[in-house]
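Undergrad: Coordinates for the following, if possible.
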Amino acid sequence: MIYILMSTPTLEQINQIIKKSTGSNDPVDPISQITPWIFLGQGRTTNYISLLCQLGITHVLSIGRKPNNPVLNSTLIRSEFGNVMDLSSDNVSQYFPTMFEFLRLVDQSHGKVYIHCEMGCSRSAMVVIAFLRANGIVASLQDAYQLVKNKRTWIRPNDGFIQQLRDFFCESLNI
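TA: Prediction:
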């Protein structure tokens, strides 16, 4: 009997599988890897629990959108902030301490986290930028923004979120 070992798919292959299964011609990748353990993306990707697990995802941080049933019914550790809308007037920074604590626990447990909102462009991008800066992973807010932008070029936190980042860190941020 011959056994064929299937290798673990790359992130690029996983993104193609998701796009193909949804029939999407969207140029936006469903998932972007920001650091070795932080992944940023779209809410609909939570339908693909097996693919998230192949990436080693152990935790999910949901911002403004509940994850889909496959994640809800899984053993992944979750933190959800469903009441955060993608409105300039929403104060997301009030949740930073709780979100940062969750993300630090992921890091301390050597886990991997999938952070999502609806499209992975505004709310979740803002949180990743804030976490990178707050934890000294980068030297400035501008560096945090640029790191995330380099990994996921279509991010665009709304103007209110950009101002919240500036105010929270007392730093400038040019986008």
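Undergrad: going forward, measure contacts between C-alpha atoms and count neighbours the same way
TA: Will do.
Undergrad: where do the strands sit along this structure?
TA: Applying DSSP state E to the chain gives strands spanning 31-33, 38-41, 59-63, 77-81, 113-116.
Undergrad: Need the winner for burial among the ones you listed.
TA: strand 113-116 (a mean of 28; mean count of other Cα atoms under 10 Å).
Undergrad: That one pairs with which strands, and in what direction?
TA: Strand 113-116 pairs in its sheet with strand 38-41 (parallel), strand 59-63 (parallel), by DSSP bridges.
Undergrad: Please save the CA atoms from the shortest one in PDB.
TA: In other words, strand 38-41. C-alpha atoms of strand 38-41 as PDB (Å, rounded to 0.1, in the frame of the first residue of the first chain):
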ATOM      1  CA  ILE A  38      -0.900  37.300  14.500                       C
ATOM      2  CA  PHE A  39      -3.200  36.800  11.500                       C
ATOM      3  CA  LEU A  40      -5.600  39.500  10.300                       C
ATOM      4  CA  GLY A  41      -8.600  39.000   8.100                       C
END
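Undergrad: that older thread, list just the one of the strands of the chain that sits closest to residue 160.
TA: strand 59-63 (15.9 Å; Cα to Cα).
Undergrad: same question for the closest one, mean pLDDT?
TA: The average pLDDT for strand 59-63 rounds to 98.
Undergrad: Need the strands paired with strand 113-116 in a markdown table (columns: distance to residue 114).
TA: Converted to a markdown table, the strands paired with strand 113-116 look like this (distance: least, Cα to Cα, whole Å):
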| stretch | distance to residue 114 |
| --- | --- |
| strand 38-41 | 5 |
| strand 59-63 | 5 |
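Undergrad: Ok, which of those comes nearest residue 135?
TA: Nearest of the strands paired with strand 113-116 (Cα to Cα): strand 38-41, 13.2 Å.
Undergrad: Pull the residues that contact that closest one.
TA: 29-34, 112-117, 119-121, 124-125, 128 (Cα atoms under 8 Å, 6 or more residues apart in numbering).
Undergrad: before we move on, the earlier item: could you dump the strands of the chain into JSON lines with distance to residue 24 added?
TA: As requested, the strands of the chain are exported to JSON lines (distance: least, Cα to Cα, whole Å):
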{"stretch": "strand 31-33", "distance to residue 24": "14"}
{"stretch": "strand 38-41", "distance to residue 24": "15"}
{"stretch": "strand 59-63", "distance to residue 24": "22"}
{"stretch": "strand 77-81", "distance to residue 24": "26"}
{"stretch": "strand 113-116", "distance to residue 24": "18"}
